[in-house]
Every structure is written in C-alpha cells, then in structure tokens.
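Q: Fold the following and give me the result.
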Amino acid sequence: MAEKARKSGVTFRPHFKTHQSTRIAEWFRDEGVEKITVSSADMADQFAGAGWHDITIAFPANPLEIKAYNRLSRNITLNLIIDSIELLHYLQKNLHHAVGLFVEIDCGYGRSGIPFEDQKRIDHILHSCRTSEKYHFKGFLTHAGNTYHANSKDEIRQIYNDSIHELRRLKEGFLHVFPELIISTGDTPSCSIVEDLSKADEIRPGNFVYFDLMQLELGACTFGDIAVSVACPVTGIYPKRNEILIHGGAVHLSKEYLAKNGKLFGLVVQLSENGWSQAIPGTILTSISQEHGIISTRPEFLQNIKHGDLLGIIPVHSCLTANLLKDSMRII
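A: Predicted coordinates for the structure are as follows:
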C-alpha cells in the first residue's frame, strides 16, 4: 500500500484503528510513514505517546473530548473533522491551540458528512474557516464505506471514481481561497483495487493491514493476504450433528457475518507455530452467541478433533476482532 501511494504521488496516512498496536505501527515507519489516522482521542493519545506527531482523528469532533483535543494539540499536529457549523462555532470558542480542520463530505455512504450536493452548507462552513486563528482548513475528507456493499470490483472502482469526481469539483471551487487544500479518502476496498490513486491527495486505508473475509469476498485480497486469525479451544464435539463447539463467540469475533447459504461467521484453519493452513474444506463457523461458537464440518475432519484442541477462526471483519482481542494479540 505504501508503494502504491508512492507511485500515485499521494500522501499515505494509514488508519491505525485496525491494529491499534504501537509495535505494528513501527513497521509503517520503516516505509516512511509519518502521518497517521485514528478514530478516537484515546487512540490519538496512545500513538502520540509512541512518538507519532501528525494525527488525524477521523471521526466527527466530539465536544465531550475537548480537553483531550486541547492536550493533544499542545504537543502534536492534530487534525479534526466536522460536518456542521454548530460544531465549528464550538471549536472556535473552546480550542486553546490551533488544529487542522477537515470538512467531511458524504459521497453516497450516508453515515456522516455533508452531502456533496449541499453547496450552501459547505459554503457557510468554509466562509467561517477563513477568519479563525483556532483552526486552519485542511481540505475535504470522505470515507466511501459504500464500497463494502459493492457487488464487483468494477462497482468499487465506479464508487471511487464518483467520489473523487465530486471531491475534485469541490476542491477546484475553493482553491482560489484555500490554495493548499487537499482531498483525503481512504476505504480499503478502493485503495486495494484501484491502481492509480493520483486524483486524491491523501489516502487513509486501515483494514488492509490484516484484511479479512469481507475483503476477500469483495476481491480486495486473496486468502493468503489475510493476516489475522483467532485461536479458539474446542470445548464440545458432536458427531451426530457433525458439529464442534468452540470457546469463541460474539465477544471475540463480533456478530458480523457473510450471507453465503446461510450465515458464515468465519472460516476454520489449523494453526501452526508460524501461521495457519488453508481453510479446512466443508468447515465453517455457522453460529455464535456471546461466548460460544458452533462449527459445522465433515466427518473426516471431526474424527481427528479432540477436546482442548485449538482451531483458528479467520474473521469476517478484522477491525472488530482486533479491537475485541487487542490485549491478547500475539504476533507471529
């Protein structure tokens, strides 16, 4: 991903919410990364303490975290995002130190941000940005999360192209006022599948550091690219049902699933000292509750399983899994 950013001539500001590891963060330094993205003030504190000095919190600014923003902005370059004039006014009154400010644009995902067609609202916010010493306008930021619902690589490319088209139109309309403004984008499906990212100025993918079954389904990675599994002990064996019970449920894997002839909560692999096998044929995690998971399998695999064995589960969504189990992570 770092090489793709270099070839495209864009800034690589990876999102660290997937791994949340200061150790893994050091691997990014080896690729020349100096600017990062996080999703909370707490996460910004964690990585600022590890020596990262240019951090974007890619979540709409929260008035309840103003003390943290003031503490962080005293020591690092801090960027916040907004999508309302009310929040802009709040920051103007309560920030103690200057921050960078991105205006979030909704390019079709429908989660947060100003719809790109709401020109009046965008104009109002940017007019106010011209006169403040508490913040400086950095540019337009989006997360095209609708790529996660795409049905093909071509559809992902189209979503990316549509988003970039609208962001570039906004950029061109304000360059005369803010000549240094940038476009910041960064969902993993787009950044993985689109070869030339040069129409953006900055990319912020995060999930790519591990990938997962969702990204595999989208065509953003291969199975061999997936770099996270959850070690779950076998606690029940049921030959008549061809099922295995594991200690691994929603509190470990989340309730994310893929709809594939029912619900698929994870693929099953055999663990080794240095990684894991290919997915075991005919063996999937089909049901979870809070702590329990039910694996459906074939008799030939089941006959070799015993209580206490550890099986690996490849998660549907690695970001949630890594967050739930970050205190138990082992790097191999």
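
Q: for Ser198, helix, strand, or coil?
A: coil (DSSP: H, G, I helix; E, B strand; the rest coil).

Q: gap between it and Thr142?
A: Ser198 sits 17 Å away from Thr142, going by C-beta to C-beta, to the nearest Å. For the C-beta atoms, the positions are set from N, CA and C on the backbone; glycine is no exception.

Q: for Lys255, same thing?
A: Using C-beta to C-beta, Lys255 is found at 27 Å from Thr142.

Q: quick one: which of these two has more around it?
A: Applying other C-beta atoms under 10 Å to Lys255 and Thr142 shows that Thr142 carries more neighbours, namely 28 against 15.

Q: Excluding residues flanking it in the chain, which one is nearest Gly282?
A: Leaving aside its sequence neighbours, Gly282 sits nearest to Arg298 (C-beta to C-beta, 6 or more residues apart in numbering; 4.4 Å).

Q: how much space between that neighbour and Thr283?
A: Distance check for Arg298 against Thr283: by C-beta to C-beta, it reads 7 Å.

Q: For those two, work out which one has more neighbours and name it.
A: Thr283 (20 against 12).

Q: now the strands for the stretch 51-200 of the chain?
A: In the stretch 51-200 of the chain, the strands defined using DSSP state E, counting those that start in this stretch lie at 54-60, 77-82, 99-106, 114-115, 135-141, 182-185.

Q: what lines up beside the longest one in the sheet?
A: It stands for strand 99-106. Counting by DSSP bridges, the strands paired with strand 99-106 are strand 77-82 (parallel), strand 114-115 (parallel), strand 135-141 (parallel).

Q: Tell me the confidence at Arg29?
A: At Arg29, the model reports a pLDDT of 96.

Q: which secondary structure element contains Ile24?
A: Element membership for Ile24 (DSSP states H and E) is helix 22-29.

Q: where's that helix relative to the chain centroid, distance-wise?
A: Remark: helix 22-29 is offset 16 Å from the chain centroid, using C-alpha atoms, centre = their mean, to the nearest Å.

Q: Give me the contacts around it.
A: Contact with helix 22-29 is made by Ala2, Pro14, Phe16, His19, Ile36, Gln46, Phe47, Ala50, Trp52, Val209, Ile331, as judged by C-beta atoms under 8 Å, 6 or more residues apart in numbering.

Q: And for stretch 187-200?
A: The list of residues contacting stretch 187-200 from outside it, by C-beta under 8 Å, 6+ apart, reads 1, 4-5, 8-10, 143-145, 147-148, 150, 153, 156-157, 159-160, 164, 167-168, 183-185, 203, 205-208, 211, 215, 218-221.

Q: could you flag which of the residues you listed are buried?
A: Buried subset of those (neighbour count, 16 or more other C-beta atoms under 10 Å): 1, 4-5, 8, 10, 143-145, 147-148, 150, 156-157, 159-160, 164, 167, 183-185, 203, 205-208, 211, 215, 218, 220-221.

Q: In contact with Ala144, which residues are there?
A: Cys107, Gly108, Tyr109, Ile159, Tyr160, Ser163, Thr185, Asp187, Ser190.

Q: Now with 7 Å, please.
A: Applying C-beta atoms under 7 Å, 6 or more residues apart in numbering, we find Ala144 in contact with Cys107, Tyr109, Ile159, Tyr160, Ser163, Thr185, Asp187, Ser190.

Q: so Ile314 sits right up against Ser229, yeah?
A: Yes. Contact criterion C-beta atoms under 7 Å: Ile314 and Ser229 qualify, at 5.3 Å.

Q: joint contacts of these two?
A: Common contact partners of Ile314 and Ser229 (C-beta under 7 Å, 6+ apart): Val269.

Q: picking up where we left off before, mind putting the strands paired with strand 99-106 into JSON lines with distance to Phe265?
A: Shown next, in JSON lines, are the strands paired with strand 99-106 (distance: least, C-beta to C-beta, whole Å):
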{"stretch": "strand 77-82", "distance to Phe265": "32"}
{"stretch": "strand 114-115", "distance to Phe265": "34"}
{"stretch": "strand 135-141", "distance to Phe265": "32"}
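
Q: Reformat these as CSV; add distance to Ser318 and mean neighbour count.
A: Listed next are the strands paired with strand 99-106 as CSV, based on distance: least, C-beta to C-beta, whole Å; neighbours: other C-beta atoms under 10 Å:
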stretch, distance to Ser318, mean neighbour count
strand 77-82, 24, 23
strand 114-115, 30, 18
strand 135-141, 23, 22
